[in-house]
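# Have a look; sequence and predicted model below, questions after that.
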Amino acid sequence: MAHTPATVRGTAMNSKIASDTASAAFERVLVASEGGAGLIPLTRFALRFARPSALVRLVDVICNPAALVPTLLLSYPDWSEAHRAMLHAAQIRLAHAAHDAAAFVTRPETDLIDLVELHRHATDALSDAAQTWHADLIAVASHPRSHRWACRLDPEELVAATHCPVLHVPTAWLGGQDAAVARVLVAIDGSAASIMALRFASRIVPRGATFNVIYVTDGRSGLRDLLPHSFFRHDGERALADAESVMKSMSIPTETAMVETDREYDDVASVILRETRQWQADLVVMSSSSRPMLKHPLPGHVVAHTLHNAECPVLVCPPSIERFTRIDPESDSQQQAASEGTISPPPVFL
């Protein structure tokens, strides 16, 4: 792994992009892309959520050439030459990206991750690099799952491995470099973690953005046949009331909606994706986990499905998101304690 030495914080140059960002913005932004594709537009977009003085590190990942061309394993000279060529191309590509980023970031740092040298999976290697550098935001662009790419950076695995906010941007979306963040859709499930993610989003999204908070009830749940419909609506109404209270305290205009899945054709993630398209959201925000009674080491299938299929950027916040901002966790724990006094249906994100 090769990288430039740590540099001093940028100041005025970043302010052009982050000047309208709220106070609880990110300070150490690690930007990574498969094969280095789209590093500059991805960096520009990620800096919309960063402080003007944020440090930025650009990361390129070099995979094993045999993963792209398996027949190279039959000939060491050919494999070695292919690896050297890929490494050289990545060094040039990363240098060009750093040069271009210098137009709006003060001396961006760079990091070249060679998976051949590390003998690691791309996601694991990037997670280690982010934790070593103490990143408080990982911005990553990746191709659709149908795209064959040996170094695939799986955003779901990144969320699970780093416990750090992850901003996933589809590679196809990066064509609009200067796309504004004007419409933010936040999916909640009533848990303290999801309300914390909402509060966090309200503090890092550029001022003036419109928020739409949705709660999805699962019409296919087996409990539907055992409990009255009003039971599930009550939980959703309580969750949305909590969300409205949070946003009202910050004087942020917010739309709210309770949406139910179709009993036969829908699942929760499909509803979130459909609402995202219909509302024309620029950003989706979710929590990586739900109510503490059902903890799991990996993000829920709803988060995973949304990450892999959203056509716009998705920001996933870990339960420990208060470490990255001035949010007071005590108020949310009190809110959670009050909520636990009533019976609630299973969370939709697990």
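Received the coordinates, thanks. Numbers count the residues shown, from 1 in each chain.

# All the helices of the stretch 251-350 of the chain, in order from the start?
268-279, 301-309, 329-339 (DSSP state H, counting those that start in this stretch).

# buried ones in the shortest one?
When neighbours are counted by 16 or more other CB atoms under 10 Å, the buried residues of helix 301-309 are found to be Val302, Val303, Ala304, His305, Thr306, Leu307, His308, Asn309. C-beta here means a position set from N, CA and C on the backbone, and glycine is covered the same way.

# And for the first one?
Neighbour-count burial for helix 268-279, counted by 16+ other CB under 10 Å, picks out Val268, Ala269, Ser270, Val271, Ile272, Leu273, Glu275, Thr276, Trp279.

# that older thread, in terms of mean pLDDT, which of the helices of the stretch 251-350 of the chain ranks lowest?
Of all those, the minimum mean pLDDT falls on helix 329-339 (a mean of 43).

# Could you find the closest non-adjacent residue to Trp173?
Excluding the flanking residues, the one nearest Trp173 by CB to CB, 6 or more residues apart in numbering is Cys312, at 6.2 Å.

# Look at the closest residue to Ile321 other than its chain neighbours and say how many residues are nearby.
Excluding its sequence neighbours, the residue lying closest to Ile321 (CB to CB, 6+ apart) is Phe200, at 5.0 Å. By other CB atoms under 10 Å, 23 other residues sit near Phe200.

# Pipe the buried residues of helix 268-279 into a markdown table and attach distance to Pro170 per row.
Below are those laid out as a markdown table (distance: CB to CB, whole Å):
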| residue | distance to Pro170 |
| --- | --- |
| Val268 | 20 |
| Ala269 | 16 |
| Ser270 | 17 |
| Val271 | 19 |
| Ile272 | 15 |
| Leu273 | 12 |
| Glu275 | 17 |
| Thr276 | 12 |
| Trp279 | 17 |
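
# So which of those is the closest to Ala50?
Among the buried residues of helix 268-279, Thr276 lies closest to Ala50 (CB to CB), at 23.4 Å.

# Now do the same contact list for that closest one.
Neighbour list for Thr276: Leu185, Val284, Ala310, Glu311, Cys312 [criterion: CB atoms under 8 Å, 6 or more residues apart in numbering].

# All the helices of the stretch 51-200 of the chain, residue numbers only.
65-68, 76-101, 115-118, 122-133, 155-162, 192-204.

# and among the ones you listed, the most buried is which?
Greatest average neighbour count among the helices of the stretch 51-200 of the chain goes to helix 192-204 (a mean of 25), per mean count of other CB atoms under 10 Å.

# State the mean pLDDT of that one.
On average, helix 192-204 scores 93.

# Point out the other helices and strands that it packs with.
strand 183-188, strand 210-217, helix 229-249, strand 283-287, strand 314-317, helix 329-339 (3 or more CB pairs under 8 Å, 6 or more residues apart in numbering; DSSP states H and E).

# want to throw the ones you listed into JSON lines with distance to Ser80?
Converted to JSON lines, the helices and strands packed on helix 192-204 look like this (distance: least, CB to CB, whole Å):
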{"stretch": "strand 183-188", "distance to Ser80": "48"}
{"stretch": "strand 210-217", "distance to Ser80": "52"}
{"stretch": "helix 229-249", "distance to Ser80": "56"}
{"stretch": "strand 283-287", "distance to Ser80": "43"}
{"stretch": "strand 314-317", "distance to Ser80": "38"}
{"stretch": "helix 329-339", "distance to Ser80": "52"}
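
# between those, which gets nearest to Thr132?
Closest among the helices and strands packed on helix 192-204, once you apply CB to CB, is strand 314-317, at 20.9 Å.

# ok, longest strand in this structure?
strand 50-62 (DSSP state E).

# so it versus helix 192-204, what angle?
Orientation check (axes from the mean of the first three to the mean of the last three CA atoms, to 10 degrees): strand 50-62 against helix 192-204 gives 110 degrees.

# pull the CA atoms of strand 50-62 into PDB?
The C-alpha trace of strand 50-62 is given here as PDB (Å, rounded to 0.1, in the frame of the first residue of the first chain):
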ATOM      1  CA  ALA A  50     -18.200  18.000   4.900                       C
ATOM      2  CA  ARG A  51     -16.800  21.000   6.800                       C
ATOM      3  CA  PRO A  52     -14.800  23.600   4.800                       C
ATOM      4  CA  SER A  53     -11.700  22.400   6.600                       C
ATOM      5  CA  ALA A  54     -12.200  18.700   5.900                       C
ATOM      6  CA  LEU A  55      -9.400  16.400   5.100                       C
ATOM      7  CA  VAL A  56      -9.800  14.300   2.000                       C
ATOM      8  CA  ARG A  57      -8.100  11.100   1.000                       C
ATOM      9  CA  LEU A  58      -8.600   9.600  -2.500                       C
ATOM     10  CA  VAL A  59      -8.300   5.800  -2.800                       C
ATOM     11  CA  ASP A  60      -7.800   3.500  -5.700                       C
ATOM     12  CA  VAL A  61      -7.900  -0.200  -5.400                       C
ATOM     13  CA  ILE A  62      -5.800  -2.600  -7.500                       C
END
